[in-house]
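S.K.: Sequence and predicted structure below; questions after.
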Amino acid sequence: MGTRILYLFGFAVCAALIGGALYFQYVEHLEPCPLCIFQRIFIIVMAVVFLIAAIHNPRLWGRRVYGLLIALLSAIGAAIAARHVWLQNLPPDQVPECGPGLDFMLDAFPMSEVIQMVLSGSGECAEIAWMFLGISIPGWTLLIFGIFFVAALIFACFRPTSA
């Protein structure tokens with residue numbers, strides 16, 4: 001299988017994830033919390049990297065660069081999703097208070113403070129609004145980021161048998 005096809009597949013998965021997120025938001029009326037929005041940002045950035053890589057169709061060193069970049073983005077996204085899952089599994093008496101919305105934070109605070117406040121989480125991030133097979137949306141996102149991470153490292157570190 002050609003590398004271009006694999007990059008396009010990665011792009012398609014990211015596009016499907018964003019499509020699913022928009023479905024939950026606009027059809028099921030599940031408003032995303034700030035941590036959900038940050039996870040979406042990393043999925044979108046990964047989609048852009050996959051698309052650029054598919055257009056570029058790099059050789060070995062380019063594959064390594066794209067693979068390591070996708071692995072880095074996946075690791076950061078997984079850390080955000082893991083924080084979200086952790087907040088969702090806190091005992092009710094330890095859940096932090098709900099904070100201001102992301103729009104307000106972006107208007108009122110410098111970006112460094114916004115990032116710190118979002119990553120610290122709030123009560124709205126601890127709510128579990130939807131589950132499938134006993135796993136919440138951030139849990140599934142964490143799993144997908146983990147799969148992308150492992151696949152990107154394998155893709156970056158191993159020479160293809162046929163090119």
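M.R.: Structure's in. What do you need?
S.K.: Spatially nearest residue to residue 138, not counting backbone neighbours?
M.R.: The spatial neighbour of residue 138 that comes closest, neighbours along the chain excluded (CB to CB, 6 or more residues apart in numbering), is residue 84 at 3.8 Å. Placement of C-beta: from N, CA and C, glycine included.
S.K.: From residue 90, how far out is the one you found?
M.R.: 11 Å (CB to CB, to the nearest Å).
S.K.: So for these two, which sits in the more crowded spot?
M.R.: The residue with more neighbours, out of residue 84 and residue 90, is residue 84; 26 against 13, by other CB atoms under 10 Å.
S.K.: quick one: that one and residue 39 touch, right?
M.R.: Yes - the pair residue 84 and residue 39 qualifies as a contact (CB atoms under 8 Å) at a distance of 7.2 Å.
S.K.: Identify the residues contacting residue 69.
M.R.: Listed by CB atoms under 8 Å, 6 or more residues apart in numbering, the contact set of residue 69 reads residue 49.
S.K.: What strand or helix carries it?
M.R.: helix 60-88 (DSSP states H and E).
S.K.: Next, report how far that helix is displaced from the centre of its chain.
M.R.: Put simply, helix 60-88 sits 8 Å off its chain's centre (CA atoms, centre = their mean, to the nearest Å).
S.K.: just stretch 40-56 next, same as before
M.R.: Relative to its parent chain, stretch 40-56 has a centroid offset of 12 Å by CA atoms, centre = their mean.
S.K.: which of the residues in that stretch are buried?
M.R.: 40, 42-43, 45-47, 49-51, 53-54 (16 or more other CB atoms under 10 Å).
S.K.: Identify, from those, the entry nearest to residue 68.
M.R.: Checking the buried residues of stretch 40-56 against residue 68 by CB to CB gives residue 49 as the nearest, at 10.7 Å.
S.K.: related to what we said a few turns ago, export the buried residues of stretch 40-56 as a markdown table, with columns for pLDDT and distance to residue 27.
M.R.: Below are the buried residues of stretch 40-56 laid out as a markdown table (pLDDT from 0 to 100; distance: CB to CB, whole Å):
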| residue | pLDDT | distance to residue 27 |
| --- | --- | --- |
| 40 | 92 | 16 |
| 42 | 94 | 23 |
| 43 | 96 | 19 |
| 45 | 96 | 25 |
| 46 | 96 | 24 |
| 47 | 96 | 21 |
| 49 | 95 | 28 |
| 50 | 93 | 26 |
| 51 | 95 | 26 |
| 53 | 90 | 31 |
| 54 | 90 | 29 |
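S.K.: Many thanks, I have nothing further to ask.
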